[in-house]
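Colleague: From the sequence below, what's the structure:
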Amino acid sequence: MQRGGASPLSQRSRWIRPIRYWSKLTNNGLKRRKGFTLAEVLITLGIIGVVAALTIPTLVANYRKKQILVNLKNTYSIMSNWVKLSEIDNGPMSSWPTGEKMDVNVFWVKYMLPYFANARLCSSKGTCGYKGDNVNHDTDWSCGDSWGVFTSDTRLLFMLKNGVVVFMPRNSQDAEGNPLYTNLVYIDVNGTSGPNKCGADVFVFSRANGTFKPYTHNSKSCYNDPYYCADLIMKNGWEYPEDYPY
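Modeller: Residues are numbered from 1 along each chain as shown. You can find the predicted model right below:
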């Protein structure tokens, strides 16, 4: 018989009983919870949905604006290169036919088509992919002018292989009805995608004196006329100013 208190066996038993009791509780009545309840999941999804609804439209809009700027800069480079290459073969731009001397189809074949890979002439807005219900060509697209966007004996419309649409009027008339020859070039940098509005995705350039550059005015600017927005963007390093109006 062991003296001096309880045996080691009885001391061990005192520790084992609480352990077994706790194990029984955790295996039955006091189980530790795993995962989330349905209510918690629904609340979390609701919060995520609200945040997405607030941020995704802004992210998409910012991406579209950035893509417009990229297309604008690239198209400016493509068109500038066209002038340089065509002048090598056809002489200085100042000698190219304009106005009534310019046959649109001949001009396209000789002065333009060889310098644009896979470009195609558009006989109407439909052949370039525009639909009647997504663009008002007489106001929004043509910056408030009365141009109808199609290829005819007074204007030339074509699409580059990247989907950019280029529109070149041959001539117009002044207030008295006299011929007004023009070197304007309208460029829809994202093609048939909206909004198809001047200053937003349609920009105006000028081809004259051997140059291709944004259309400018001594006293007007993009802030009061979308005609001059390409000039503003170019001078701002091909970025939108913080107070860009369109």
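Colleague: Cys122 versus Leu156, what's the distance?
Modeller: 9 Å (C-beta to C-beta, to the nearest Å). For glycine as for every other residue, the C-beta is placed from the backbone atoms N, C-alpha and C.
Colleague: Over to Pro214?
Modeller: 23 Å.
Colleague: Give me the contact list for the longest strand seen in the chain.
Modeller: Identified as the longest strand of the chain according to DSSP state E is strand 202-208. Residues outside strand 202-208 that contact it (C-beta atoms under 8 Å, 6 or more residues apart in numbering): 72, 76, 79, 83, 93, 140-143, 168, 183-189, 196, 198, 212-216, 227-230, 233.
Colleague: again, only using 7 Å
Modeller: Identification of contacts with strand 202-208 by C-beta atoms under 7 Å, 6 or more residues apart in numbering yields 72, 79, 83, 93, 141, 143, 183-189, 196, 212-215, 227, 229-230.
Colleague: Buried residues of it, list them for me.
Modeller: 202-207 (16 or more other C-beta atoms under 10 Å).
Colleague: Report the mean per-residue pLDDT for the longest helix seen in the chain.
Modeller: If you go by DSSP state H, the chain has its longest helix at helix 38-90. Here helix 38-90 scores 85 as its mean pLDDT.
Colleague: all numbers from here: first residue = 227
Modeller: In the new numbering, first residue 227, that becomes helix 264-316.
Colleague: ok, and what's touching the following helix or strand past that helix?
Modeller: For helix 264-316, the succeeding helix or strand toward the C-terminus, using DSSP states H and E, is helix 330-333. With contact meaning C-beta under 7 Å, 6+ apart, helix 330-333 is reached by 323, 377, 379, 382, 396.
Colleague: give me phi/psi at Thr377?
Modeller: phi -90, psi 130 (degrees, to the nearest 10).
Colleague: Contact partners for it?
Modeller: Counted by C-beta under 7 Å, 6+ apart, Thr377 has contacts 330, 347-349, 383.
Colleague: for Phe384, helix, strand, or coil?
Modeller: Classification of Phe384 using DSSP: H, G, I helix; E, B strand; the rest coil returns strand.
Colleague: Report the separation between it and Leu268.
Modeller: Taking C-beta to C-beta, one finds Phe384 at 54 Å from Leu268.
Colleague: Those two: who's more crowded?
Modeller: More crowded of Phe384 and Leu268, by other C-beta atoms under 10 Å: Phe384, with 19 against 11.
Colleague: Beta-bridge partners for that one, please?
Modeller: As for beta bridges, Phe384 partners with Leu347, Val392 under DSSP bridges.
Colleague: now do Arg433
Modeller: With DSSP bridges as the rule, Arg433 is bridged to Phe438.
Colleague: Do you know the pLDDT at it?
Modeller: 87.
Colleague: quick one: it from Pro440, how far?
Modeller: From Arg433 to Pro440 the distance is 11 Å (C-beta to C-beta).
Colleague: Just put the buried residues of strand 428-434 in a markdown table and tack on distance to Ser447.
Modeller: A markdown table is the format used below for the buried residues of strand 428-434 (distance: C-beta to C-beta, whole Å):
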| residue | distance to Ser447 |
| --- | --- |
| Val428 | 17 |
| Phe429 | 14 |
| Val430 | 13 |
| Phe431 | 16 |
| Ser432 | 15 |
| Arg433 | 21 |
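Colleague: surely Trp373 meets Pro395?
Modeller: Yes. Here Trp373 reaches Pro395: they are 5.9 Å apart, a contact under C-beta atoms under 7 Å.
Colleague: tell me the phi and psi of Asp414?
Modeller: Residue torsions, per degrees, to the nearest 10, at Asp414 are phi -100, psi 100.
Colleague: How about the contacts made by Leu383?
Modeller: 348, 354, 375-377, 391, 393.
Colleague: Tell me which of those residues has the lowest pLDDT.
Modeller: Taken together, those show their lowest pLDDT at Val375, with 80.
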